[in-house]
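# Just to be clear, the model below is a prediction. Sequence and coordinates:
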2 protein chains.
Amino acid sequence: MTPDLQTELRAVADELADAARRIILPYFRTPLQADNKDPAAFDPVTVADREAEQAMRAILATRRPDDAILGEEFGTKPGTSGLTWVLDPIDGTRAFISGAASWGVLIGVDDGTGPRLGIIDQPFLGERFTGAFGQATLTDRTGTRPIRTRSTDLKSATLFSTFPEVGTQAERAAFKAVASRVRLTRFGLDCYAYALLAMGQIDLVIEAGLNPYDVQGPIAVVQNAGGVVTDWQGGAAHNGGRILAAGSPALHEQALEILRAY
Amino acid sequence: MTPDLQTELRAVADELADAARRIILPYFRTPLQADNKDPAAFDPVTVADREAEQAMRAILATRRPDDAILGEEFGTKPGTSGLTWVLDPIDGTRAFISGAASWGVLIGVDDGTGPRLGIIDQPFLGERFTGAFGQATLTDRTGTRPIRTRSTDLKSATLFSTFPEVGTQAERAAFKAVASRVRLTRFGLDCYAYALLAMGQIDLVIEAGLNPYDVQGPIAVVQNAGGVVTDWQGGAAHNGGRILAAGSPALHEQALEILRAY
């Protein structure tokens, strides 16, 4: 990927995140109709999700018309360039409708081998985590600075997952096997857990049942900050499913060894 | 309580919260030694907790020398006025050391019958929730505005608790009985869940095993915003233990009926 293309992709990704932020933030903590996408559970989607994804798609139609798009709310648009924009306008809609600031706008650029660029944007905190081409940064109201994961061993580690159920019963058992070995386990942060991991505040994120748009942005942020993200067998994670994200290769190996046994 | 005393207590409470914010915020997201207060689990305390409580006690020694103090880190100081300041410098130290913004500074003023004034302060978000003498407000970077709980029935309600284990196995069963009847259950927010309840963003907070300093500030915020807070038998909650906080009397009654059966 040429430096010029890298610069262009970064600029377009920021434009998308800016547009989503501008649309979503006025809806935050206002009375909002949450439509349920899953009759068997509660998987809410709001007008904020839909409008933000439409705005991002409109920008891509002008700026990157040959790229493919995979978005949570409006599906797949084919492309010819070999690049796919992977969009989740609000990851953590349950947190969003609860007024908690752990939701985020997720943007990834996949070249077919995985995300080369990723953004986790938290509009209410005014924080944008970007990972791309070997660099990871946090941009907030005070400016832009590099971020970096930390190294910890398993018994001192802090582990996050969004739902205590994690996934199936077997997946829950595997998660608990890791949780029983770490110092601290916490729940409920959605994509913001990957941001804390990339900042070196926590050490492990383990999730199951994810979609590509849930992980592509976070994978690029964590990897470019020095972390390791795979599935529970050590394979590529960018298509979703079971995710193990760790702050360092050594910690990743320790957690993977436990998960692999399940 | 005279209007002059009410005004004075409000001013002193704001001074305490300002001092705690000034001390704690520079420690947030910096490498910090977390000492463990509970050898059987992980109950961290940091220099930020200790320094903030000391600063609040120093202000009270000057401004309200006859009042009693009950603080999480430095225990009880007796008083003669009939008022007790109930202080938790960082509620949610586990979130604090993880870099998540759900921790808060909790301040309550108890006249012996329960908290008449309470503050939940979130320094990183710059948000202060105050409930006192029939009024509840949120002060943030944009100013001060009234806040109010909302009314929902049980099947449409959003329920929060900090830990999925909730408490003992019996307490967990009671919690799950309520959780099985609501629309959405989330975990991990510490005292910030009470702030969301007071703002009308969520509907129920259920916790067990709490201390007086975990609840006195939140009780005053929620009650003055229109909510109801009791223990699981409908009795006073300001001494801690099992807490049921609801956005409206009707919803409180629905949840209480389930919890009482356990």
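Arrived safely. Here the structure is a predicted model, which means the values were calculated and not measured.
# so where do the helices sit in the stretch 151-262 of chain A?
For the stretch 151-262 of chain A, helices defined by DSSP state H, counting those that start in this stretch occupy the ranges A:169-179, A:192-198, A:212-224, A:249-260.
# how about these, which one is nearest B:Asp110?
Proximity to B:Asp110 (CB to CB) singles out helix A:192-198 among the helices of the stretch 151-262 of chain A, at 34.8 Å. In short, each C-beta sits where N, CA and C put it, glycine included.
# which parts of the closest one are buried?
Neighbour-count burial for helix A:192-198 flags A:Tyr192, A:Ala193, A:Tyr194, A:Ala195, A:Leu196, A:Leu197, A:Ala198 (criterion: 16 or more other CB atoms under 10 Å in any protein chain shown).
# Return only those of the residues you listed found close to chain B.
Residues of the buried residues of helix A:192-198 in contact with chain B (CB under 8 Å from any CB of the partner chain): A:Tyr192, A:Leu196.
# which of the buried residues of helix A:192-198 lies closest to A:Gly92?
A:Tyr192 (7.5 Å).
# helix, strand or coil for the closest residue to the closest one other than its chain neighbours?
With sequence-adjacent residues excluded and distances taken as CB to CB, 6 or more residues apart in numbering or on different chains, A:Tyr192 is closest to A:Ser102, at 4.2 Å. At A:Ser102 the chain is in coil, as set by DSSP: H, G, I helix; E, B strand; the rest coil.
# what's the burial count for A:Ser102?
28 (other CB atoms under 10 Å in any protein chain shown).
# So it sits against A:Asp91, correct?
No: in this structure, A:Ser102 is not within contact of A:Asp91 by CB atoms under 8 Å, at 9.3 Å.
# So for those two, which residues contact both of them?
A:Asp190, A:Cys191 (CB atoms under 8 Å, 6 or more residues apart in numbering or on different chains).
# coming back round to it: torsion angles phi and psi at the residue nearest to A:Tyr192?
phi -100, psi 0 (degrees, to the nearest 10).
# Need the helices of the stretch 151-262 of chain A in JSON lines (columns: mean pLDDT).
Converted to JSON lines, these look like this (pLDDT from 0 to 100):
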{"stretch": "helix A:169-179", "mean pLDDT": "94"}
{"stretch": "helix A:192-198", "mean pLDDT": "98"}
{"stretch": "helix A:212-224", "mean pLDDT": "97"}
{"stretch": "helix A:249-260", "mean pLDDT": "97"}
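# Of all residues in chain A, which one is nearest the centre?
Nearest residue to the geometric centre of chain A (CA atoms, centre = their mean): A:Pro218, 3.3 Å.
# Leaving out sequence neighbours, find the closest residue to that one.
A:Tyr194 (3.7 Å).
# A:Gln54 too?
Using CB to CB, 6+ apart, the closest residue to A:Gln54 is A:Phe74 (7.3 Å).
# tell me which parts of the stretch 151-262 of chain A are close to chain B?
Residues of the stretch 151-262 of chain A lying near chain B (CB under 8 Å from any CB): A:158, A:160, A:164, A:183-184, A:186-189, A:192, A:196, A:199, A:201-202.
# Inside strands: which ones of those residues?
A:Thr158, A:Phe160, A:Leu184, A:Arg186, A:Phe187 (DSSP state E).
# Which one (most neighbours) among these?
The most crowded member of those, judged by other CB under 10 Å, is A:Phe160 (27 neighbours).
# can you tell if stretch A:29-39 touches chain B?
Yes: on the criterion CB under 8 Å from any CB, stretch A:29-39 is in touch with chain B at A:Arg29.
# what comes up buried for that stretch?
So, applying 16+ other CB under 10 Å, buried residues of stretch A:29-39: A:Arg29, A:Ala34.
# Same question for stretch A:144-160.
A:Ile147, A:Thr149, A:Arg150, A:Thr152, A:Leu154, A:Ala157, A:Thr158, A:Leu159, A:Phe160.
# Scan chain A for its longest helix.
helix A:3-24 (DSSP state H).
# Residues contacting that helix, please?
With CB under 8 Å, 6+ apart, helix A:3-24 has contacts from A:1, A:48, A:51-53, A:55-56, A:59-60, A:63-64, A:83, A:85, A:87, A:89-90, A:105, A:107, A:109, A:116-117, A:119, A:121, A:123, A:128, A:130, A:132-133.
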